[in-house]
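Engineer: A predicted structure for the sequence below; I have some questions about it.
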Amino acid sequence: MKEVKIEHIDEMKQNYLNKPIQQVVRKALVKNSISDITYVNERETEIQFRFSNDIETLPVTNQKASGRCWLFAGLNVLRELVANKLELKDFEFSQNYQAFWDKFEKINFFLESMDDFLTVDNDDRTLKHLLQLGIQDGGQWDMFVSLVEKYGVVPKEAMPETHASSNTAQMNRFINIKLRQYAARARALAKENKTNEIIQLKSQTLEELYGFLVTNFGIPPKEFNFEYVTKKNVYHIEKKLTPQSFYKSVCQINLNDYVSVINSPTSDKPFLKSYTIDYLGNVIGGKEIKHLNLSMARLIELTVNQLKDKEIVWFGSDVAFYGDRTRGIWDDQAYDYESTFEMSFSMTKAERLDYLQGQMNHAMVITGVNIEDNKPTKWKIENSWGSDRGLKGYYLMSQSWFYEHTYQAVIHKKYLTKDELDAYNEKPIRLKPWDPMGSLAR
């Protein structure tokens, strides 16, 4: 390893002082943010909230201080079906109900997964990965499907939000302490060959954390009445529904007909292949997390086709860069970092995935697209960050941002070709637990 000499630092300082642009930028940054001084005002004309294909949807929801975007986005897909069927002008499912069972199933998934690591070395990479990750709010589309298929859905009024469900950090911290405590004690018992005591400890931990979830979230309803008023102000009530009967009778959708299409242009993931991720999931016995890897051009084409048929699209992207969350704009052309700082920040999509610079971290719903000369130019997004940002909570992303920073879209299988369906239905290639395609939307 080579030491940095003081003389070299002095040389670098002089070279910096010889750059007049950096002297201006340095002074500007004293009172302004990087985003403010790199903003390209000329992009304003390209990012107006007007779309040639715009699906009318219900008012936005708010996940607040939680990482439940994937649940909100999934339930937003379902609620449009219910609202259209029942002619509702406003409706929400209980995100709290879904989050309760997600947490419970993730706890069980973790406890059961630890059976594979009772006797491995303490520095085993997979064990350390699972312990560090613990359980989180985030998830994937197939995890949402597993929850709905097993537990159904309920209206928001049947299980309203609590402070803990909207502010999950403290609760998650205590759950993960308990799970790591279990791992430590179970591994200690394994050294003494006390298998029966491990089973008892697992059962006790699951029951204790079930009670902890009830204390934080409330008791999930087994039965409820559903009251609603239509757009024509006609009152209805359906009595003694269960979460499962409500899902089957009201939603009338087969979520298993939808395929997670990803774009991972890395050398280890050929297109037209399906993939899954080790030790990623929530409901044991539920739907396997499975992705079909296609080119970005094809992912875009499938998304447009579904939107043209007036069906919104659940999708996952990396919202960490090139965004204005107040105005509700994601546009990589709206910020000129390279000219401002006189250095390159460019990386290919494959490089960002391989070198931990990019991954899917947020799920939303696409509700519109603008088409010019048979090509998309911008997209309308229903987010779950409340109505005080963007255009009443709706966001816009440019085509170039979508191309570079979107990694996943959920598409009905009827839009896929036979070759694509065959590839999806093949036994998936297994990826390591830390693969970027196993990242959780939150």
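Structural biologist: That came through, no problem.
Engineer: Give me the buried positions along the host helix or strand of Lys128.
Structural biologist: Per DSSP states H and E, Lys128 falls inside helix 125-133. Neighbour-count burial for helix 125-133 flags 126-127, 130-131, 133 (criterion: 16 or more other Cβ atoms under 10 Å). From N, CA and C alone the C-beta is placed, and that goes for glycine too.
Engineer: Could you do stretch 62-74 as well?
Structural biologist: Neighbour-count burial for stretch 62-74, with 16+ other Cβ under 10 Å as criterion, is recorded at 62-64, 66-74.
Engineer: Could you give the separation of it from the chain centroid?
Structural biologist: 8 Å (Cα atoms, centre = their mean, to the nearest Å).
Engineer: and Glu80, what does it touch?
Structural biologist: Glu80 sits next to 57-58, 312 when contact means Cβ atoms under 8 Å, 6 or more residues apart in numbering.
Engineer: actually Trp401, not the one I typed
Structural biologist: Contacts of Trp401 by Cβ under 8 Å, 6+ apart are 322, 330-333.
Engineer: Then it would be within a helix, right?
Structural biologist: Yes - assessed by DSSP: H, G, I helix; E, B strand; the rest coil, Trp401 belongs to a helix.
Engineer: just to revisit the earlier point, list buried members of the contacts of Trp401 by neighbour count.
Structural biologist: 322, 330-332.
Engineer: Just the helices from the stretch 51-200 of the chain, written as ranges.
Structural biologist: For the stretch 51-200 of the chain, the helices defined by DSSP state H, counting those that start in this stretch occupy 69-86, 95-113, 125-133, 141-151, 163-166, 169-191, 195-217.
Engineer: ok, now how distant is the closest residue to Leu280 other than its chain neighbours from Glu44?
Structural biologist: Computed as Cβ to Cβ, 6 or more residues apart in numbering, the closest residue to Leu280 that is not its neighbour in sequence is Gly438, at 4.7 Å. Noted for Gly438: a distance of 38 Å to Glu44, by Cβ to Cβ, to the nearest Å.
Engineer: Looking at these two, which is more packed in?
Structural biologist: Gly438 (22 against 11; other Cβ atoms under 10 Å).
Engineer: which stretches of this structure form strands?
Structural biologist: All strands of the chain, identified by DSSP state E, fall at 53-54, 224-229, 235-241, 258-262, 273-277, 291-293, 313-317, 323-324, 329-330, 362-372, 375-382, 394-398, 406-412, 429-431.
Engineer: the bottom helix or strand of this protein by mean pLDDT?
Structural biologist: Comparing every helix and strand of the chain by mean pLDDT, DSSP states H and E singles out strand 323-324 as the least confident one, with a mean of 93.
Engineer: Point out the other helices and strands that that strand packs with.
Structural biologist: Secondary-structure packing of strand 323-324 (3 or more Cβ pairs under 8 Å, 6 or more residues apart in numbering; DSSP states H and E): strand 329-330.
Engineer: Can you list the strands that the strand it packs on pairs with?
Structural biologist: strand 323-324 (antiparallel), strand 394-398 (parallel) (DSSP bridges).
Engineer: List the contacts of the first one.
Structural biologist: In this case it means strand 323-324. 35, 329-331, 334.
Engineer: what about 6 Å?
Structural biologist: With Cβ atoms under 6 Å, 6 or more residues apart in numbering as the test, strand 323-324 has contacts from Trp330.
Engineer: The longest one now?
Structural biologist: Applying Cβ under 6 Å, 6+ apart, the contact partners of strand 394-398 are 47, 49, 328-331, 378-379, 381-383.
Engineer: of those, the lowest pLDDT goes to which?
Structural biologist: Lowest pLDDT of the contacts of strand 394-398: Ile47, 91.
Engineer: what's the distance between that residue and Phe174?
Structural biologist: 43 Å.
Engineer: Those two - which one has more neighbours?
Structural biologist: Set Ile47 next to Phe174 and count neighbours by other Cβ under 10 Å: Ile47 wins out with 21 against 12.
Engineer: Identify the residues contacting the more buried one.
Structural biologist: So Ile47 contacts 329, 331, 396 (Cβ under 6 Å, 6+ apart).
Engineer: can we see that at 10 Å?
Structural biologist: 324, 327-331, 333-334, 377-378, 396-398, 401 (Cβ atoms under 10 Å, 6 or more residues apart in numbering).
Engineer: Which of the residues you listed sits closest to Leu88?
Structural biologist: Gly328 (24.9 Å; Cβ to Cβ).
Engineer: my guess is the closest one meets Phe49, correct?
Structural biologist: Yes - counting by Cβ atoms under 10 Å, Gly328 touches Phe49, with 8.3 Å between them.
Engineer: May I ask which two of the contacts of Trp401 are separated the most?
Structural biologist: The widest separation within the contacts of Trp401 (Cβ to Cβ) is 10.5 Å, between Trp330 and Gln333.
Engineer: Mind listing the shared neighbours of those two?
Structural biologist: Overlap of the contact sets of Trp330 and Gln333 (by Cβ under 10 Å, 6+ apart) consists of 47, 322, 398, 401.
Engineer: is the third one in a bridge, and if so with what?
Structural biologist: In this entry, Ser398 is beta-bridged to Lys378, by DSSP bridges.
Engineer: can you redo the contacts of strand 394-398 as a markdown table with distance to Trp434?
Structural biologist: As requested, these are arranged in a markdown table below (distance: Cβ to Cβ, whole Å):
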| residue | distance to Trp434 |
| --- | --- |
| Ile47 | 35 |
| Phe49 | 38 |
| Gly328 | 32 |
| Ile329 | 32 |
| Trp330 | 26 |
| Asp331 | 30 |
| Lys378 | 34 |
| Trp379 | 30 |
| Ile381 | 28 |
| Glu382 | 31 |
| Asn383 | 28 |
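Engineer: sorry, back to before: turn the contacts of Glu80 into TSV, columns for pLDDT.
Structural biologist: Formatted as TSV, the contacts of Glu80 follow (pLDDT from 0 to 100):
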residue	pLDDT
Thr57	97
Leu58	96
Ile312	98
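Engineer: Top of those residues by number of neighbours, please.
Structural biologist: Taking other Cβ under 10 Å as the neighbour criterion, Ile312 ranks highest of the contacts of Glu80 with 20 neighbours.
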